[in-house]
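Chemist: with the sequence up front, the predicted model follows.
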Amino acid sequence: MKRSVPKKARKWTSRKVLIDGYRRAIRGVDVAVPAINNYCNRISSPHDVRGVAPPPTAAFSILSGVHFTDALIPLLENGDWHGPLAKAVQYNIVEFKLQFYWHYRFRLLFPDSMGGTRKPIQFMHFDRMAIMMGFAFMMNWREEAEYLGYLTCAALRNNYQLVILFSDQHRRGQAFMIRLFCSLVGDADFQWPSFAYDVPEYEFLIETWRESDPEALRPALIAACERHVAQSYRETEKTFYDFSSYPRIPIEIMMLFRLREMMGLANLSIDHELFEAPFDRLPDTVHRIEDDELIRCTLARLRVDWPDFDEVVSLQSLKTVCRS
């Protein structure tokens with residue numbers, strides 16, 4: 001198998017530098033929380049559509065990012081990361097549901113957007129969705145992980161994805177994760193642009209991840225680790241990297257290991273700098289947490305304003321889209 005990256009990757013960002021950067025990250029809780037409370041309390045907004053407010057997707061996107069940053073710090077410090085990561089994935093799932101539903105509803109409210117003067121909205125990030133799916137698998141949240149996989153595939157098949165992700169950014173690592181999920185479930189698929197198929201180690205792993213002898217995967221896994229390092233640098237306006245936001249987290253490999261474990265297959269130990277604790281082993285199942293008040297009140301209002309919300313974002317509806 002031909003390598004797609006040099007054997008020795010460039011020096012990359014240390015955990016300490018990453019953690020310091022996450023701690024300095026811009027926060028938006030002071031904006032997001034009031035916006036969600038206003039939504040729950042039916043305080044009017046300039047974004048109301050025909051007298052009814054759309055879901056507060058922007059506010060949840062901010063909070064999802066905050067909770068994810070809060071989880072990355074203890075994760076990279078190998079501290080008590082379980083609760084923060086559970087909350088981050090929980091918030092991201094709600095955010096993605098709100099986004100998916102509003103893409104669906106927008107096209108019904110404004111049918112002229114499908115060929116008229118108004119353009120349909122397309123702002124779902126399949127790359128973020130893939131990463132959250134990977135973390136759900138890593139935490140052994142199989143139900144939530146599979147839901148995220150179907151949700152992502154349904155968003156892609158409905159053409160809800162941000163166009164730049166395909167036109168410029170070419171997130172091959174995240175496409176690999178979605179393709180791995182599709183290989184697992186067998187009833188979801190998406191015809192990716194050509195960029196998604198041009199990484200030799202990913203193509204090998206897609207075909208052989210169920211191989212009973214884990215040693216057969218070692219060369220491809222090492223190559224995938226090296227590619228992760230090579231795809232871990234700061235982005236510019238013209239240069240994009242798959243793992244710029246999570247450079248020292250081998251989430252795509254951890255997902256593959258979890259899928260093999262779910263299939264009753266053995267995994268191997270990899271001597272690579274990516275696999276520093278806590279990524280040196282698959283964690284035990286992380287405990288789930290209950291929805292907090294912000295999530296509960298948002299969903300309560302949403303279900304009153306848009307009674308078909310639960311049906312549209314249900315697993316069965318998503319599977320129907322994925323199989324069409």
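Modeler: Nice, thanks for sending it over.

Chemist: how many residues are close by residue 258?
Modeler: A count of neighbours around residue 258, defined by other Cβ atoms under 10 Å, yields 22. C-beta coordinates here come from the backbone N, C-alpha and C atoms, glycine included.

Chemist: meant to ask about residue 19, not that
Modeler: By other Cβ under 10 Å, the residues close to residue 19 number 17.

Chemist: now do residue 129
Modeler: Residue 129, neighbours per other Cβ under 10 Å, totals 27.

Chemist: pLDDT weak spots in the stretch 1-150 of the chain?
Modeler: Applying pLDDT under 70 to the stretch 1-150 of the chain flags residues 1-11, 26, 44-51, 113-118.

Chemist: the same query, at a cut-off of 50, please.
Modeler: Counting by pLDDT under 50, the stretch 1-150 of the chain shows low-confidence ranges at 1-9.

Chemist: could I get the full set of helices for it?
Modeler: In the stretch 1-150 of the chain, the helices defined using DSSP state H, counting those that start in this stretch lie at 15-23, 29-40, 57-77, 82-109, 126-138, 142-157.

Chemist: what angle do the second one and helix 57-77 make?
Modeler: Counting by axes from the mean of the first three to the mean of the last three Cα atoms, to 10 degrees, helix 29-40 lies at 140 degrees to helix 57-77.

Chemist: just name the most buried of the helices of the stretch 1-150 of the chain.
Modeler: helix 126-138 (a mean of 27; mean count of other Cβ atoms under 10 Å).

Chemist: for stretch 126-145, which outside residues touch it?
Modeler: Contact with stretch 126-145 is made by 82, 85-86, 88-89, 92-93, 96, 148-149, 151-152, 155-156, 161, 165, 169, 171, 174-175, 177-178, 181, 242, 246, 251-252, 254-255, 258-259, 262, 282-286, 288, as judged by Cβ atoms under 8 Å, 6 or more residues apart in numbering.

Chemist: circling back: compare the helices of the stretch 1-150 of the chain and give me the one nearest residue 233.
Modeler: The closest of those to residue 233 is helix 15-23. By Cβ to Cβ, the value is 12.0 Å.

Chemist: so what's residue 315 up against?
Modeler: Contact analysis of residue 315 by Cβ under 8 Å, 6+ apart lists 147, 150.

Chemist: got a pLDDT number for it?
Modeler: Per-residue pLDDT puts residue 315 at 98.

Chemist: hang on, the earlier thing: could you dump the helices of the stretch 1-150 of the chain to TSV with distance to residue 190?
Modeler: Converted to TSV, the helices of the stretch 1-150 of the chain look like this (distance: least, Cβ to Cβ, whole Å):
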stretch	distance to residue 190
helix 15-23	31
helix 29-40	31
helix 57-77	22
helix 82-109	15
helix 126-138	9
helix 142-157	5
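
Chemist: and residue 201, which of these is closest to it?
Modeler: Residue 201 lies closest, by Cβ to Cβ, to one member of the helices of the stretch 1-150 of the chain: helix 126-138, at 16.8 Å.

Chemist: how far out from the middle of the chain is the closest one?
Modeler: Put simply, helix 126-138 sits 3 Å off its chain's centre (Cα atoms, centre = their mean, to the nearest Å).

Chemist: got it, and stretch 77-91?
Modeler: Mean-position distance between stretch 77-91 and its chain equals 15 Å (Cα atoms, centre = their mean).
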